[in-house]
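Peer 1: Here is my input, please return the structure:
(3 chains)
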Amino acid sequence: MIYKILDKEDYNDFLKKLVENYDFYGPVKKDAAVHDFQKINDVEKIDVDFKRTTVAPAKKLIYPPEETILSYDISDDIEIRSEVQADEKILFGIDACDVNGLAFLDKFFSDEFVDDFYFQKRNKLIIIGLDRMPTETNFSLSLGKEYAREGFDIFLTDLKDRYFVRIGTEKGNNLINKYAKTRDASENDFADYDGYMDNYRKSFKAKADISNFYDNFEIIYDNDKFWSKTAKDCFSCGSCCLVCPTCFCFNVRDDMEINLKKGNKIREWDSCMIPDYGLVAGGHNFRKDKENRLKQRYRCKLKTFVQKFDTYACVGCGRCIETCMAKINIVDDINSVKKEVSV
Amino acid sequence: MIKPRIGVFGLTGCGGCQLEILNLEDDLIDFVNAVDIVHFTEAITEHSDNYEVALIEGSVSTNHDVERLEHIAKVAKIIVAIGACSSTGGLNCLKNLYGVEKAKELVYGDKKDWIDAIETKPIDEYVKVDYYARGCPPTRSEIVDIVKSLIVGKTPEIPNYPVCIECKKLNNTCLYDLGIACMGPVTRAGCNARCPSSISGCEGCRGPIDEPNINAQIDLLKKYGLTVEDIMEGFNLYNACKKITDKSK
Amino acid sequence: MHTIYTPDIARITRIETVTTNEKIFDISFIEKEAQKKFNFLPGQFVELTVFGVGEAPFSITSNPNNKEKFQLCIRSVGSVSQAIHNLKEGAKVGIRGPFGKGTFPYEAAKGHNVLVVAGGLGLAPLMSFLTYMFDYREEYKNIMIIYGAVNPGNILYKNEISYWSSREDVKVCVTVDNPDDKWTGEIGVCTKLIPRVDFKPEDTYTIVCGPPVMYKYVVQELEKKNFTDDKIFLSLERRMECGVGKCNHCHIGNKLACVDGPVFSLWEIRDLKEAI
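Peer 2: I've put the predicted structure just below:
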């Protein structure tokens, strides 16, 4: 890690150069309600001052909602083709837990079998993170995901009159050297950064007591009363998964042109919360109740990958809480599990 | 089924669904080449009784509709309901809320006895429907997908998840966050979130998903300031025949 | 670009109609290289694409020692299986695989008794294990096969079953739920036959494959006889859509049927409450 300081007066100039020279994505105000990561042509459009999380998580740039993974032509003999279009992009302004979200997906999509469609794009994505104060629903501190240790090229922290710059990769270092006027971070700068981080960690309002969840979950698993209460209002709409920065499930469908000669295999985001997810040929559904689906989601987020990768598959960004029409709140539910078991 | 013989029929409805087929634009030529259209009420003068697949739009609202539908069902091997009227009864079912006699009187006054109207029902109340291309109007791609699936021999993939999924994929802001009520959380997707994408609340024209959480939807609408009457109106607009609010407890 | 989702093209070389609902397909790759690389273990599965329709997982049913081709026994239930039933000999399909780390315990069971419990179509995946085992018969102790079918017409692999029945070194019990007039064998579900097994639990590997509802009852019967978790193996059917642990449709608690399975020891899935 290389530490630098970027003065406020040089910050805009740095971004401007990046916007001029790169395919640049950053947060913009989408409408009255939310912000969104969009392509930026004018540096003035960048707006990092937002109270809620962005609508779609950053994963959409490398793992889009729909993507062709195979094309075929069966008019003569069978011809198949897999291709992926990937251009270099900069993604600016994602916060620590979103960086951690991508870091999780990096691990997931390279585990045993490497997913080329993900990595061709991922390897060309330059990430410039930006610390920001936690939103109302952000509980990343509880999961140890509030700080980005890796998974970025450059990470900026706003120290009022200057930015504390952490450079994580050679690519990031080259960008800084080429486009930014920086200086080395002094003891004083580190002291201010330390102060910022302390204050940041103190600002978290949403807190989940995840201690012992790994074991407690197993005893609560069979408590039907608990789950029917928790899942009562669930619409099984899948929104929580589709806004999640770490959800990876997909569905593959074949789409043939009406001439019945050419077709594509398309993968599309899927959600374990919708009833047909657990359906197999023959009609048996392994998870037909919404209670079981919610259990599965919580297990996947908070337990499965603790076992597999020693990490949560949840970064605590709070998007699912903001999005859920039924006001299902993962923080409340983690705390309820604890309360239910410890009583 | 190599090249299925298809009949396109209209019962009581506005004819807009048949028009959607004619509006296939770039795909129209390929579509008519892929199938053998032997009957098409709105488009061709010839008509034949030799079809395997019947695409039927419109609800059953007259005794004449019943006769025609029963005849079609005898001939066709596969019946596809096209559009809201045919699938759920659609807007036509609003008539039922008044009672048939009262509705006839309101519309036709002293000429009401000239009218052969009966209680409106979706076609699956009379015949077995194999597939549904729901919506008002149905999406063109869904009609084409169903026909393509029949040709290649697979079960058409009709979404059984709510519109919310499509909104999220399209990166739409949730309309509830903009203060607009929406039936999306209980309505079957497949329209590519047509209305919410234009900042207009979903009205449920594709009917509910298999297991809609009606109680939660009622609570949700109440939270956003709607009255019980508003809510019933919302549920009934396209789905009065299906009585989906009966699923609430 | 060849990705984890790119199939190799293969040809259906032979189709055998077994019952009204099931057919056996012989498949070999067009490219010799692909055929050479295709080495599978008993219990593994492939993802089969019928172009224009879709892709679905099928267990390999043939003997792993046969390197020229492999076999799938497919029941017509879903879109892909219906579509492959409509294909003719010579037709081309896409194949990815073989997949699955969890295989039948063909090595571990050597030197021990083997009890095989199959229900319905569950016999098909077991065929790869059974045929392999008979290639090395002397390395295993006693073998008993319990097979339950809905009715006599649904019995799969009739030739193989009658061949095994004629052998001295294997005990075969076939039972049907709904017998016809000619049926003289056992009647009822296959779990009914487990009490008759006289193998020593500590010296016996049990392999189970059948419809999802079957497992719980089979396991209950085995437990009554003191068979232990680490020697009971179950092949679990889930929606293994990608085969490579990415799409996650085959999640069973913390495990994935496609990469961790599809065959698990009962011990591995004991704590996964949705497993059986």
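
Peer 1: Quick one: the helices in the stretch 1-150 of chain A, in order.
Peer 2: Remark: helices assigned in the stretch 1-150 of chain A by DSSP state H, counting those that start in this stretch are A:8-21, A:96-110, A:116-122.

Peer 1: Near chain C, which residues of chain B are found?
Peer 2: B:V152, B:G153, B:K154, B:T155 (Cβ under 8 Å from any Cβ of the partner chain). No exception for glycine: its C-beta is placed from N, CA and C like everyone else's.

Peer 1: ok, and which of those residues reach chain A?
Peer 2: B:V152.

Peer 1: Among the residues of chain B next to chain C, which one sits closest to B:I72?
Peer 2: B:T155 (21.9 Å; Cβ to Cβ).

Peer 1: Which helix or strand in chain B has the lowest average pLDDT?
Peer 2: Least confident helix or strand, chain B: helix B:228-239 with a mean of 81, by mean pLDDT, DSSP states H and E.

Peer 1: what does that helix contact?
Peer 2: B:84, B:88-91, B:93-94, B:97, B:136, B:181, B:183, B:203-208, B:214, B:218, B:221-222, B:226, B:244-245 (Cβ atoms under 8 Å, 6 or more residues apart in numbering or on different chains).

Peer 1: among the residues you listed, which are in helices?
Peer 2: Among the contacts of helix B:228-239, the ones falling in helices (DSSP state H) are B:A84, B:T88, B:I214, B:I218, B:L221, B:K222.

Peer 1: what sits against the fifth one?
Peer 2: Contacts of B:L221 were listed using Cβ under 8 Å, 6+ apart, and they are B:A181, B:D230, B:I231, B:G234.

Peer 1: which of the residues you listed are buried?
Peer 2: With neighbours counted using 16 or more other Cβ atoms under 10 Å in any protein chain shown, the contacts of B:L221 contain these buried positions: B:A181, B:I231, B:G234.

Peer 1: Angles on the backbone of the first one, please.
Peer 2: For B:A181, the backbone dihedrals are phi -70, psi 150 (criterion: degrees, to the nearest 10).

Peer 1: Just to check, it is in contact with B:T227?
Peer 2: No. In this structure B:A181 lies outside contact range of B:T227 using Cβ atoms under 8 Å: 11.4 Å.

Peer 1: Okay, domains of chain B per the record?
Peer 2: Chain B breaks down into these domains under automatic domain parsing: B:5-152, B:163-243.

Peer 1: Confirm that B:V80 sits in a strand.
Peer 2: Yes. Under DSSP: H, G, I helix; E, B strand; the rest coil, B:V80 falls within a strand.

Peer 1: who's in contact with it?
Peer 2: Contacts of B:V80 (Cβ under 8 Å, 6+ apart): B:V53, B:A54, B:L55, B:I56, B:V129, B:D130, B:Y131, B:Y132, B:A133, B:I146.

Peer 1: neighbour-wise, which of the residues you listed leads?
Peer 2: B:I56 (32 neighbours; other Cβ atoms under 10 Å in any protein chain shown).

Peer 1: Let me know the helix or strand that it is in.
Peer 2: Per DSSP states H and E, B:I56 falls inside strand B:53-57.

Peer 1: Look up the closest residue to residue 13, ignoring the ones flanking it.
Peer 2: Using chain A here. A:K181 (7.5 Å; Cβ to Cβ, 6 or more residues apart in numbering or on different chains).

Peer 1: Chain C is the one I meant
Peer 2: C:D26 (4.7 Å).

Peer 1: outside of whichever helix in chain C runs longest, which residues touch it?
Peer 2: In chain C, taking DSSP H as the definition, the longest helix is helix C:123-135. Defining contact as Cβ under 8 Å, 6+ apart, one finds that helix C:123-135 is touched by C:22, C:40, C:42-45, C:59-65, C:71, C:73, C:104, C:106, C:109, C:114, C:116, C:118, C:140, C:143, C:145, C:147, C:156-157, C:160, C:164, C:207, C:209, C:235.

Peer 1: immediately after that helix, which helix or strand?
Peer 2: strand C:143-149.

Peer 1: I'd like to know how far the spatially most central residue of chain A sits from C:Y132.
Peer 2: By Cα atoms, centre = their mean, chain A has its centre lying nearest to A:P245, at 2.2 Å. The gap separating A:P245 from C:Y132 is 45 Å, by Cβ to Cβ, to the nearest Å.

Peer 1: Repeat that for C:I74.
Peer 2: Applying Cβ to Cβ to C:I74 and C:Y132 gives a distance of 21 Å.

Peer 1: Compare those two and say which is more crowded by neighbours.
Peer 2: Ranked by neighbour count (other Cβ under 10 Å), C:I74 and C:Y132 place C:I74 first, with 26 against 18.

Peer 1: returning to that earlier point: ok, the residue nearest to the centre of chain A touching A:L102?
Peer 2: Yes. Here A:P245 reaches A:L102: they are 7.2 Å apart, a contact under Cβ under 8 Å.

Peer 1: where do the contact lists of those two overlap?
Peer 2: A:A58, A:K59.

Peer 1: Now for the residue in chain B that chain C sits nearest to: which residues touch it?
Peer 2: Residue nearest to chain C within chain B (Cβ to the nearest Cβ): B:K154, separated by 3.7 Å. When contacts are counted by Cβ under 8 Å, 6+ apart, B:K154 touches C:V53, C:G54, C:S79, C:V80, C:Q82, C:A83.

Peer 1: And it, how close does it get to A:A326?
Peer 2: 34 Å.

Peer 1: so A:K308, which of the three states?
Peer 2: Per three-state DSSP, the local secondary structure of A:K308 is helix.

Peer 1: One more: B:A216?
Peer 2: When the rule is three-state DSSP, B:A216 gets the label helix.

Peer 1: I figured it hits A:S236, correct?
Peer 2: No. Judged on Cβ under 8 Å, B:A216 makes no contact with A:S236 at a distance of 9.9 Å.

Peer 1: between the two, which one's more packed in?
Peer 2: A:S236 (28 against 21).

Peer 1: so where's the chain shaky on pLDDT?
Peer 2: Went with chain A since none was named. Across chain A, residues meeting the criterion (pLDDT under 70) sit at A:54-55.

Peer 1: think we crossed wires, I meant chain B
Peer 2: B:1, B:243-249.

Peer 1: what residues are up against the closest residue to B:E211 other than its chain neighbours?
Peer 2: Excluding its sequence neighbours, the residue lying closest to B:E211 (Cβ to Cβ, 6+ apart) is A:P275, at 6.1 Å. By Cβ under 8 Å, 6+ apart, A:P275 lies in contact with A:S236, A:N285, A:K288, A:K290, A:R293, B:N160, B:Y161, B:I209, B:D210, B:E211.

Peer 1: neighbour-wise, which of the residues you listed leads?
Peer 2: Going by other Cβ under 10 Å, A:S236 tops the contacts of A:P275 with 28 neighbours.

Peer 1: mind checking how far C:L266 is from chain B?
Peer 2: Plainly put, C:L266 is 33 Å away from chain B if you go by Cβ to the nearest Cβ, to the nearest Å.

Peer 1: Domain map for the chain?
Peer 2: Let's take chain A. Taken from automatic domain parsing, chain A resolves into A:2-61+A:86-202, A:213-247+A:278-342.

Peer 1: that answer is for a different chain, and I need it for chain C
Peer 2: C:8-99, C:113-269.

Peer 1: Check the offset of the longest one from the chain's centre.
Peer 2: In this case it means domain C:113-269. 8 Å (Cα atoms, centre = their mean, to the nearest Å).

Peer 1: Point out where the stretch 101-250 of chain C drops to low pLDDT.
Peer 2: Using pLDDT under 70, the stretch 101-250 of chain C has no residue that qualifies.

Peer 1: Quick check: the residue of it nearest chain B.
Peer 2: C:E241 (13.1 Å).

Peer 1: Could you do chain C as well?
Peer 2: Counting by Cβ to the nearest Cβ, chain C gets nearest chain B through C:S79, at 3.7 Å.

Peer 1: Now do the same contact list for that residue.
Peer 2: So C:S79 contacts A:A281, B:G153, B:K154, B:T155, C:V53, C:G54, C:A56 (Cβ under 8 Å, 6+ apart).
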